[in-house]
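Colleague: Based on what follows, work out the 3D shape:
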Amino acid sequence: MQSKYKLPDWANEGPEDLEYRTYMMLAHVKSLKKDLVNEKLLPVLFEVDTTLDYLYRYDAIKMTEEDTKITAGDWGPLNFVFSTEEETIEQSQLMDKLVDSAIDKFEDLHSMCREIWREIEVNLKAGYISDKKYFLADGFVFLKTKNNKLLIYYFNKPVKNFTSSWKDFKLQHIKTQDWNQDDYFESLEEIVEKKSDKIIIKSELLIDVTIDNHAIAVINSFIFSMLRRDYSF
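Modeller: Model (predicted):
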């Protein structure tokens, strides 16, 4: 079975040389920081989370094996099984030496992601239009931006056991248009009349940031948490 922990490219490509691999890791971290400055939170966050999952698992296995060597002593062919096949990670002497530094660098990146996330989240508002529907269903999200744009999204009803986190929940972009209050209310009236079973959410972002590949991560999570809280799925 293939491991769910993905080996980062910088840890696997090029010559088997610690200095080279360290350089590749630092260069990649620098590139991800640049992506954050360029407002690409979503892909950076996904990569940082995936990489930290791998590094934490690698470090845990490494420490477990070191403890086993001390504990086992001269007990002969005694074998210890500490993880399932899915969780097994191929180890190397280079990664043994690099893992601690890599964890520090990617935890720093994760802290940067959290700071950006918090700034967006505290400037995001959302609420239901009309009364909250009794049953969980598909729905629409109307997002007004700081630069007077209206973005309309559609989401499918979250399915219990299949939509376990905001990363599994997708806001599907329908269209973007200039903000016009009359058009906004007209659109809402049409949906209320024709799609009365749909959940309708209005939201507003009070800071001027890129939505696609950036603030959408926070918006997606915010709406997902709101639905999970109110519909207990």
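
Colleague: In the strand or helix carrying residue 45, which residues are buried?
Modeller: Using DSSP states H and E, residue 45 maps to helix 41-72. Neighbour-count burial for helix 41-72 flags 41-42, 44-45, 47-48, 51-52, 54-55, 57-59, 61-62 (criterion: 16 or more other CB atoms under 10 Å). (C-beta placed from N, C-alpha, C; glycine too.)

Colleague: counting contacts, what elements does that helix pack onto?
Modeller: Helix 41-72 makes packing contacts with helix 18-37, helix 93-121, helix 216-231 when contacts are defined by 3 or more CB pairs under 8 Å, 6 or more residues apart in numbering; DSSP states H and E.

Colleague: so which of the ones you listed comes closest to residue 162?
Modeller: Ranking these by proximity to residue 162 (CB to CB) places helix 216-231 first, at 13.0 Å.

Colleague: what about that closest one, distance to the chain center?
Modeller: Remark: helix 216-231 is offset 13 Å from the chain centroid, using CA atoms, centre = their mean, to the nearest Å.

Colleague: what residues are up against residue 22?
Modeller: With contacts defined as CB atoms under 8 Å, 6 or more residues apart in numbering, residue 22 is in contact with 98, 101.

Colleague: Please disregard the earlier target; I meant residue 169.
Modeller: Residue 169 neighbours (CB under 8 Å, 6+ apart): 155, 158, 163, 220, 223-224, 227.

Colleague: Residue 177: what secondary structure?
Modeller: Using DSSP: H, G, I helix; E, B strand; the rest coil, the structure places residue 177 in strand.

Colleague: Isn't it up against residue 145?
Modeller: No: applying CB atoms under 8 Å as the test, residue 177 and residue 145 come out as separate, 11.1 Å apart.
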